[in-house]
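In: Got a predicted model here, sequence first, then my questions.
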Amino acid sequence: MLTTTLLASCELPTSYGDFTLHVFGDDDGREDVIALVRGGPDAHQQPLVRMHSACFTGDILASLRCDCGPQLDTAVRLLAKEQHGILLYLTRHEGRGIGLVNKIKAYALQEKGMDTVAANVHLGLPADARDYRAAAEALRQLGVSHLRLATNNPAKIEALVNAGLSVERVPHGGFVSAHNSEYLRIKDVLMGHLDSAGGGRAG
Ligand SMILES: Nc1nc2c(ncn2[C@@H]2O[C@H](COP(=O)(O)OP(=O)(O)OP(=O)(O)O)[C@@H](O)[C@H]2O)c(=O)[nH]1
């Protein structure tokens, strides 16, 4: 059975602003959802929430193969301006849930001409293996029932709505470069994303 437990919390001053950090995980103490929270619960306001799937290459190494780095940077910048905002960093979602080793294998296949979906499938893996139930549970434990979700991915909205949360979408894309334009186009065409490659503006 899925368990999501608050494992640890602290204050976290950052160059973006001051936040509180909560680490959620399972009963064995392994982290899963890291929540960077700006401000406190406000009954009159739906917090702005960004659910960000881990991307070692984009988030840490500033890879241009995807749009993850600019999406994360922009999200934290936006959240810092909110009275109540939450970044959920989903540590088990690396490579859309297939893990770093498989993502790098998928990148190598893309260098031979496959697109991002075909490469996963060629490896015998789902195009998208992410599960958002722990994220929804973390939001609930943070006192959130209504939220504004910064995303272009309808699957994220659907997962939170199915978990009983009320979600309004805020576009969060448009981070196009010469290296990631084909990746973003394929996400729109084959994965049902809402204008990742085009006019979807951050915030
Ligand atoms: N398998 C695979 N994963 C990738 C590839 N490029 C990026 N990723 C992963 O894709 C995920 C992108 O996550 P997000 O930006 O949170 O989500 P999204 O589905 O693009 O939806 P948005 O909320 O609209 O940004 C991260 O886990 C990346 O590691 C790729 O070519 N193949």
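Out: All right, it came through fine.
In: okay, CA-based contacts and neighbour counts for the rest of this
Out: Noted.
In: the strands in this structure, which residues?
Out: Here the chain has its strands, by DSSP state E, at 5-13, 18-25, 31-38, 48-53, 85-90, 146-150, 166-170.
In: Indicate which one of those strands is closest to the ligand.
Out: Taking Cα to the nearest ligand atom, strand 48-53 is the member of those nearest to the ligand, at 3.8 Å.
In: what's the angle between that closest one and strand 146-150?
Out: Angle, strand 48-53 to strand 146-150, by axes from the mean of the first three to the mean of the last three Cα atoms, to 10 degrees: 50 degrees.
In: what does this protein put close to the ligand?
Out: 52-55, 66, 68, 93-96, 103, 106-107, 116, 120, 151-153 (Cα under 6 Å from any ligand atom).
In: which sections of the protein are below the confidence cut-off?
Out: The model of the chain has pLDDT under 70 over residues 1, 43-44, 174, 196-203.
In: how near is the residue nearest the centre of it to residue 109?
Out: Nearest to the geometric centre of the chain sits residue 52, at 1.7 Å (Cα atoms, centre = their mean). Plainly put, residue 52 is 24 Å away from residue 109 if you go by Cα to Cα, to the nearest Å.
In: quick revisit: quick one: which of the strands of the chain is nearest residue 127?
Out: The closest of the strands of the chain to residue 127 is strand 48-53. By Cα to Cα, the value is 14.4 Å.
In: who touches the closest one?
Out: 72, 75, 79, 82, 84-94, 96, 135, 147-151 (Cα atoms under 8 Å, 6 or more residues apart in numbering).
In: Give me the distance from it to the chain's centre.
Out: 5 Å (Cα atoms, centre = their mean, to the nearest Å).
In: Could you pull up the contacting residues of residue 10?
Out: 20, 21, 22.
In: try it again with 10 Å
Out: Listed by Cα atoms under 10 Å, 6 or more residues apart in numbering, the contact set of residue 10 reads 19, 20, 21, 22, 23, 36.
In: Likewise for residue 72?
Out: Residue 72 touches 50, 51, 52, 53, 54, 55, 58, 59, 78, 87, 89, counting by Cα under 10 Å, 6+ apart.
In: Equivalent analysis for residue 66, please.
Out: Neighbours of residue 66 in contact, by Cα under 10 Å, 6+ apart: 55, 57-59, 175-177, 179-184.
In: Give me the neighbour count for residue 95.
Out: Number of residues near residue 95 (other Cα atoms under 10 Å) recorded here: 23.
In: oh, I was asking about residue 133
Out: 16.
In: who's the residue nearest to residue 23 when sequence neighbours are not counted bridged to?
Out: If the residues on either side of it in the chain are set aside, residue 23 comes closest to residue 34, at 4.6 Å by Cα to Cα, 6 or more residues apart in numbering. Beta bridges link residue 34 to residue 23, residue 89, judged by DSSP bridges.
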